[in-house]
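A.B. asks: could you look at this predicted model? Sequence included:
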Amino acid sequence: MGKIKRMDQVRLILRTYRRCGSFKEAARRLKMSKNTIKNYVKIALNSGEELDKIVALSEESFTALFHHDHNGHEGELEKTFLANIPLWLKELTRPGVSRQLIWEEYRKDNPQGYCYSQFCAKLKRHLRSKDLTIALTHEPGDTLQVDFAGKKLSWVDSKTGEVNECEVLVTVCPFSHFCFVIALPSQKVADFVYGINQALRFLGKLPKKILSDNLKSYVTTSDRYEPKFNDLCVQLADHYNLELQATRPRKPKDKASVENAVRIAYQRIYAPLRNEVFHSIEELNRAIIDQLAIHNQIPFQKKEGCRKELFEQYEKPLMAELPNELFELKKSTKAKVQKNYHVFLGEEKNYYSVPHQYVGKYAIVLYNRTLVEIYIDRTRVAVHQRLTYRNCNRYQTNDKHLPKNHEQWKASQGYDGAYFIKQAAKIGESTEWLIQQVLIAKIYEAQTYKSCAGILHLAKRFTPQRVEAAALRCKKVGKGNYPMMKNILAKNLDRSDEVLILKIPTHDNIRGPQAYH
């Protein structure tokens with residue numbers, strides 16, 4: 001029973017019930033709950049007197065009857081409530097268990113117990129007095145809060161004596177307060193993402209969310225409802241299947257756990273290392289890890305266990321497994337899909353195919369050491385293993401990207417191998433021969449179209465007559481391609497009567513290596 005009603009209201013409850021004889025009807029007439037009517041009638045009848053006599057009691061006797069029972073009832077409720085606190089605390093750490101569920105189970109065993117609002121208020125007051133609000137405010141295994149500390153650490157270059165200051169990234173699981181700290185060269189996005197990578201590796205599992213404030217390396221456009229995150233952070237979240245969240249602008253309490261973790265890091269990591277000198281950031285981070293191991297195993301002051309024990313027992317089992325490979329930073333570039341349905345990756349000067357229907361569109365190319373991903377209109381349309389050869393104009397082509405109907409492809413794009421041969425024949429016989437050689441030089445004919453177009457374009461730059469002469473020189477040595485043609489024309493070798501020599505001939509006028517000993 002909740003707050004006791006005024007005595008005049010209680011008398012009215014008893015009179016109304018005596019007249020109608022029904023809890024439900026009395027509740028309807030008085031616009032009260034049926035349980036309230038039932039509770040007061042039960043107290044009256046438990047006294048052993050008839051309702052008429054109880055209603056006729058003096059104010060003093062009537063009040064004593066109900067207050068005495070109410071106080072006794074309250075005492076029993078409080079006793080039952082306190083006895084269940086340890087069990088409820090443990091249950092609230094389990095996934096899916098809420099205060100609503102705990103209360104429903106409580107009322108099932110104690111129909112006259114506290115209403116939901118009273119239950120929550122009492123539970124909150126009790127847990128706050130014991131410093132246990134953690135069980136009510138954070139789901140285990142749910143979130144990793146991250147932030148940069150305001151104060152920096154440093155290391156000294158042993159050769160130059162230069163002092164290098166480091167940013168310090170702090171992460172914490174707010175349920176257990178299990179903490180990770182790492183020194184980084186800067187707050188730039190590449191360093192920030194590296195720090196998150198190492199934090200996840202330290203945990204050995206994956207939370208559901210990452211929460212930070214509006215760091216420039218994390219959020220590009222802050223907004224209370226839909227912040228925009230840095231592309232590299234989005235890639236990291238996609239790799240690990242994490243949700244990115246940002247705190248509300250100027251609301252530090254949204255990430256109170258990591259704010260507190262930073263404060264404690266000053267005491268338990270910064271302070272013990274204050275007189276140490278480190279000669280690399282790696283050496284500094286090894287020392288941080290040593291102090292971190294001590295910090296995470298220090299027992300709590302106001303409750304049992306330590307950060308590591310809480311994390312291992314309650315959080316880690318609920319977290320997802322890490323993928324086999326940690327996230328690797330990807331570079332990004334923009335490229336137009338060429339008519340041979342390939343994009344050119346300028347850093348390595350190689351080509352990668354996309355489905356032919358995307359010719360002419362602009363693509364975003366993301367790549368790391370081993371993989372190339374191509375996106376058009378935010379949809380990934382192609383994935384390739386990155387070529388190990390660099391600067392050699394090689395092609396990585398997926399058969400599925402080739403057009404099925406070649407005639408339809410020719411009509412839509414305006415050229416194919418036959419087109420280039422026809423155009424070369426207009427320049428001359430040797431140019432036609434050269435184009436034929438280029439067309440068969442690759443596994444897929446389309447891979448050669450750019451070279452063919454380049455050779456034909458030389459006719460506009462150097463005249464058709466010079467291109468034909470250069471092609472003739474190539475024909476005489478039995479091979480040719482676009483770089484050879486460009487070199488011949490640039491050095492005016494097409495105007496020379498000498499034949500292009502690929503290998504130095506052996507004759508009596510050539511001195512051997514013995515001449516130089």
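C.D. replies: Great, that's in hand.

A.B. asks: list the buried residues of the strand of greatest length in the chain.
C.D. replies: In the chain, taking DSSP state E as the definition, the longest strand is strand 163-173. Buried positions in strand 163-173, judged by neighbour count with 16 or more other C-beta atoms under 10 Å: 164, 166-173. For glycine as for every other residue, the C-beta is placed from the backbone atoms N, C-alpha and C.

A.B. asks: domain ranges for the chain?
C.D. replies: Using automatic domain parsing, the domain ranges for the chain come out as 7-137, 143-321, 331-405, 415-495.

A.B. asks: in TSV, list those along with mean pLDDT.
C.D. replies: Below are the domains of the chain laid out as TSV (pLDDT from 0 to 100):
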stretch	mean pLDDT
domain 7-137	75
domain 143-321	83
domain 331-405	84
domain 415-495	88
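
A.B. asks: my guess is Pro207 contacts Val172. True?
C.D. replies: No. Using C-beta atoms under 8 Å, Pro207 is not in contact with Val172, being 10.8 Å away.

A.B. asks: any residues in contact with both of the two?
C.D. replies: Common neighbours of Pro207 and Val172 (criterion: C-beta atoms under 8 Å, 6 or more residues apart in numbering): Leu144.

A.B. asks: now do the contacts for the nearest residue in space to Ile376 that is not next to it in sequence.
C.D. replies: Nearest residue to Ile376, sequence neighbours excluded (C-beta to C-beta, 6 or more residues apart in numbering): Ala363, at 5.0 Å. Ala363 sits next to 334-337, 343, 354, 374-376, 381 when contact means C-beta under 8 Å, 6+ apart.

A.B. asks: check which residues of whichever helix or strand Lys124 is part of are buried.
C.D. replies: Here Lys124, judged by DSSP states H and E, is contained in helix 116-129. By neighbour count on 16+ other C-beta under 10 Å, the buried set for helix 116-129 is 119-120, 122-123, 127.

A.B. asks: go on, stretch 16-31?
C.D. replies: By 16+ other C-beta under 10 Å, the buried positions in stretch 16-31 come out as 16-18, 23, 26-27.

A.B. asks: and what of stretch 324-331?
C.D. replies: By neighbour count on 16+ other C-beta under 10 Å, the buried set for stretch 324-331 is 327, 330.

A.B. asks: chain center to that stretch: distance?
C.D. replies: Centroid displacement of stretch 324-331 relative to its chain, using C-alpha atoms, centre = their mean, to the nearest Å, is 12 Å.

A.B. asks: hey, C-alpha coordinates of it in CSV?
C.D. replies: Provided in CSV are the C-alpha atoms of stretch 324-331 (Å, rounded to 0.1, in the frame of the first residue of the first chain):
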residue,chain,number,x,y,z
ASN,A,324,40.4,-12.7,-37.5
GLU,A,325,42.0,-9.6,-38.9
LEU,A,326,42.2,-6.2,-37.2
PHE,A,327,40.9,-3.2,-39.2
GLU,A,328,43.5,-1.8,-41.5
LEU,A,329,43.5,1.8,-42.6
LYS,A,330,42.5,2.3,-46.2
LYS,A,331,43.5,5.1,-48.5
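
A.B. asks: quick one: Ser496 and Phe178, what's the gap?
C.D. replies: According to C-beta to C-beta, to the nearest Å, Ser496 stands 76 Å off from Phe178.

A.B. asks: what does Leu232 give?
C.D. replies: Counting by C-beta to C-beta, the gap from Leu232 to Phe178 is 25 Å.

A.B. asks: more neighbours, these two?
C.D. replies: Phe178 (25 against 21; other C-beta atoms under 10 Å).

A.B. asks: right, I'll call it a day here.
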